[in-house]
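J.: Next comes the sequence, and after it the predicted model I'd like to discuss.
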Amino acid sequence: MLIVMKFGGTSVGSAERISQAAQLAVDTAAKGHQVVVVTSAMSKVTDTLIGAARLASTGTWDPKVRQELFDRHKAVADAIIGTDTTRHAAVLDAITTRLDRFEKLCFGLSMVHELTPRLLDAISGMGEMLAAPLLSAAIAARGTASEAVDATDVIVTTDLFGGAEPLMDKTRTKAGERLKPMIARGVIPVVTGFIAATQDGVMTTLGRGGSDYSASIIGAALDASEVWIWTDVDGVMTANPSEVPEARTLAEISYSEASELAYYGAKVLHYKTILPAFRQRIPVRILNSFNPSHPGTRVTVEGDPSASGVKAVTSIRGVILVAINGTGMQGIPGIVAKTFDAVAAQQANVLMISQASSENNICFVLSAAEAPRVVSELKAVLEVELMRGHIEEITAEQQVAIVAAIGDRMRGTPGIAANVFGALGKAGINVIAISQGSSERNISLVVTEQDAAEAVRAIHRAFRLDQHARPH
Ligand code: ADP
Ligand code: ASP
Ligand code: MG
């Protein structure tokens, strides 16, 4: 079997964690599998790089950051490989070259004071380029040949910096050329997650948390047998375990449940991860590198056919509810079309839509980053309707959250909505807007950000999700 395994930031967050990740890759290869590793940056490194770039663009470059990054990565190199070996020298050389580039870019930024998305990608993606040589060296130190590979040589994307999309045919060719000969020689490639390059070789990133997506893109490009996402929890759970302590691991979920969960805030998977794997029906597993004997979650076509109703509850914070209100909207055609044309023109992503049947109100939810430009665009395109009074106001309500109850087999199970709203009513939580997709796989509601955690817990309790998920 060809297995693509991805290690997240905490799974490569220290010398000890990198050693454990290397051991997991080596053990899998020892079982006769071909292994391709995808690595995130060490925990917090991406935040540090972005913070330094933003500060530099205001005119302040703090060289301490470079030193701290060097010290942290060097300490790992010292711990995992003997300090007087050629391998140690090669790793330090790779780290130094990358940090030199980081320093030059930040220094340049502090002069020009302009941080473009393209430059931000060149800087923020450097964490993965620092981590890959370390993980690769840790694998090699265990006697299995390994090479660090920059994903700029593997994944070809559009030039939408900060959230680039793979060009799959080109990626298939590049990944084949770069990785297949290595795999055939028994070498474990350690590929940088998160980053890629345009056709012209300009570095891009796939968006925050995008290393999961890298793994499924590479899995699809290589026709892998499975994609394993190693993280810091026992798989995909019935809710975020840091919000709901009694959350349980789901042994099996479907591709659609996984993608719905990720889309509605379950950070354990980047929301685009599932699609490339789904297209080729490549099974995905989510596993805990801190507890590798736990079977984790399997993502399959069927999911768990015996499970019914709600399987998990998620939330997205920091989103904005945009509402268009006006009694004069009734019967005026085209307002909805104009509204969503405006949203599309801004390339914004609508997380949820709800329209009251009285047609007096349309509301939808956007990310906080996208909302301001959409609202100004809306005010411009609906100027006439506003002037004539057909629309009274366009509002953007901050500090709301979406809470979503998710499960493929909610469909056709009566009483689910009643149970959701009953639970929220009992908890005294006010629901601002509601939406149920016609697929009936998801009921989403908008509540205030302060109410979000309690809303998640109330729904989790109401469906007894702490008990429903079957023990392994
Ligand atoms: P990694 O660095 O491995 O990519 P992330 O921090 O991106 O890890 O994602 C794992 C985290 O996702 C968990 O530690 C947990 O706090 C959070 N999480 C949110 N929702 C869920 C969920 N439904 N199941 C599991 N983890 C979740
Ligand atoms: N290092 C990147 C981030 O922090 C990508 C990832 O970890 O998935 O967003
Ligand atoms: Mg992640």
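T.: Done, it's in. Ligands and ions are numbered 1, 2, ... in the order given.

J.: where do the strands sit along the stretch 101-250 of the chain?
T.: 146-149, 188-192, 195-197, 203-205, 226-231 (DSSP state E, counting those that start in this stretch).

J.: so does the longest one get close to ligand 3?
T.: In this case it means strand 226-231. No: using Cβ under 5 Å from the ion, strand 226-231 stays clear of ligand 3, with a minimum separation of 6.7 Å. Backbone N, C-alpha and C define where each C-beta goes, glycine included.

J.: who's in contact with that strand?
T.: By Cβ atoms under 8 Å, 6 or more residues apart in numbering, the surrounding residues in contact with strand 226-231 are 1, 3-8, 10-11, 21, 24, 212, 215-216, 219, 268-269, 273, 277, 282-289, 292.

J.: Listing partners with orientation, what would you give for it?
T.: Looking at strand 226-231 with DSSP bridges, its partner strands are strand 2-7 (parallel), strand 284-288 (parallel).

J.: what about it, near ligand 1?
T.: Yes: applying Cβ under 6 Å from any ligand atom, one finds that strand 226-231 is in contact with ligand 1 at residue 231.

J.: Next SSE downstream of that strand?
T.: Proceeding N to C from strand 226-231, the next assigned helix or strand is strand 252-254, under DSSP states H and E.

J.: ok, that following strand: who's next to it in the sheet?
T.: Each strand that pairs with strand 252-254, with its direction, by DSSP bridges: strand 297-300 (parallel).

J.: if we look at ligand 3, which of the contacts of strand 226-231 are close to it?
T.: Near ligand 3, by the rule Cβ under 5 Å from the ion, you find residue 8 out of the contacts of strand 226-231.

J.: dump the residue contacts of the residue in the stretch 1-150 of the chain that ligand 1 sits nearest to.
T.: In the stretch 1-150 of the chain, the residue that lies nearest ligand 1 is residue 8 (1.8 Å; Cβ to the nearest ligand atom). Contacts for residue 8 were tallied using Cβ under 8 Å, 6+ apart; they are 40, 211-212, 229-232, 289.

J.: and the most centrally placed residue in the chain, which of the three is it?
T.: The geometric centre of the chain, computed from its C-alpha atoms, lies nearest to residue 270 (Cα atoms, centre = their mean), at 2.3 Å. Following DSSP: H, G, I helix; E, B strand; the rest coil, residue 270 is assigned to coil.

J.: And the residue lying closest to it once chain neighbours are set aside, what's its pLDDT?
T.: Once flanking residues are discounted, residue 270 sits nearest to residue 212: 4.1 Å by Cβ to Cβ, 6 or more residues apart in numbering. As predicted, residue 212 sits at a pLDDT of 98.

J.: so residue 212 touches residue 275, yeah?
T.: No: applying Cβ atoms under 8 Å, one finds residue 212 not in contact with residue 275, separated by 11.5 Å.

J.: Neighbour count for those two, which is higher?
T.: residue 212 (29 against 15; other Cβ atoms under 10 Å).

J.: I'd like to know how far that one sits from residue 55.
T.: 28 Å (Cβ to Cβ, to the nearest Å).

J.: Residue 365 too?
T.: 31 Å.

J.: And for residue 415?
T.: 53 Å.

J.: Show me what from the stretch 301-450 of the chain comes close to ligand 1.
T.: So the stretch 301-450 of the chain meets ligand 1 at residue 312 (Cβ under 6 Å from any ligand atom).

J.: one step back: neighbour count for residue 365 and residue 55, which is higher?
T.: Higher neighbour count among residue 365 and residue 55: residue 365, with 25 against 17, using other Cβ under 10 Å.

J.: Quick check: closest non-adjacent residue to residue 126.
T.: Residue 126's closest residue in space is residue 102 (Cβ to Cβ, 6+ apart), at 5.3 Å.

J.: so who does that neighbour touch?
T.: With Cβ under 8 Å, 6+ apart, residue 102 has these contacts: 49, 52, 66, 69, 123, 126.

J.: same question, residue 201
T.: So residue 201 contacts residue 152 (Cβ under 8 Å, 6+ apart).

J.: Going forward, count from 57.
T.: Renumbered: residue one is now 57, and that last one reads residue 257.

J.: Would you list the phi and psi of it?
T.: The phi/psi pair for residue 257 (degrees, to the nearest 10) reads phi 90, psi 10.

J.: One more: residue 216?
T.: phi -80, psi 90.

J.: For it, grab the count of nearby residues.
T.: 16.

J.: what's the burial count for residue 113?
T.: Other residues lying near residue 113 total 20 when counted by other Cβ under 10 Å.

J.: Would you pull up the residue in the stretch 357-506 of the chain closest to ligand 3?
T.: residue 370 (14.6 Å; Cβ to the ion).

J.: What residues does this structure have near ligand 3?
T.: So far as Cβ under 5 Å from the ion goes, the chain lies against ligand 3 at 64, 265.

J.: Sketch out the low-pLDDT regions of the chain for me.
T.: 413-415, 493-495, 524-528 (pLDDT under 70).

J.: Next up, the contacts around residue 170.
T.: residue 113.

J.: do the same with residue 420
T.: By Cβ under 8 Å, 6+ apart, the neighbours of residue 420 are 377-378, 399, 406-410.

J.: Mind checking which of these land in strands?
T.: 377-378, 408-410 (DSSP state E).

J.: Serialize those residues to JSON lines and add fields for distance to residue 520 and neighbour count.
T.: Formatted as JSON lines, the ones in strands among the contacts of residue 420 follow (distance: Cβ to Cβ, whole Å; neighbours: other Cβ atoms under 10 Å):
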{"residue": "377", "distance to residue 520": "30", "neighbour count": "24"}
{"residue": "378", "distance to residue 520": "35", "neighbour count": "23"}
{"residue": "408", "distance to residue 520": "26", "neighbour count": "22"}
{"residue": "409", "distance to residue 520": "30", "neighbour count": "17"}
{"residue": "410", "distance to residue 520": "28", "neighbour count": "19"}
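
J.: which of those residues lies closest to residue 200?
T.: Of all those, residue 200 sits closest to residue 408, with 46.8 Å by Cβ to Cβ.

J.: ok, so what distance separates the closest one from residue 459?
T.: 10 Å.

J.: Now do the shared contacts for these two.
T.: Counting by Cβ under 8 Å, 6+ apart, the residues touching both residue 408 and residue 459 are 500, 502.

J.: For the protein, which residue gets nearest to ligand 3?
T.: For the chain, Cβ to the ion, closest residue to ligand 3: residue 265, 4.2 Å.

J.: Return the residues in contact with that residue.
T.: 323, 326.

J.: from the contacts of residue 420, which is closest to ligand 1?
T.: So of these, ranked by how close each gets to ligand 1 (Cβ to the nearest ligand atom), first place is residue 407, at 16.0 Å.

J.: correct me, but that closest one touches residue 427?
T.: No: look at residue 407 against residue 427 with Cβ under 8 Å: they stay out of range, at 10.7 Å.

J.: Chain neighbours aside, what residue packs nearest to the residue lying farthest from the centre of the chain?
T.: When distances are taken from the C-alpha mean of the chain, residue 444 lies farthest, 43.2 Å away, according to Cα atoms, centre = their mean. Spatial nearest neighbour of residue 444, excluding adjacent residues (Cβ to Cβ, 6+ apart): residue 384 at 7.3 Å.
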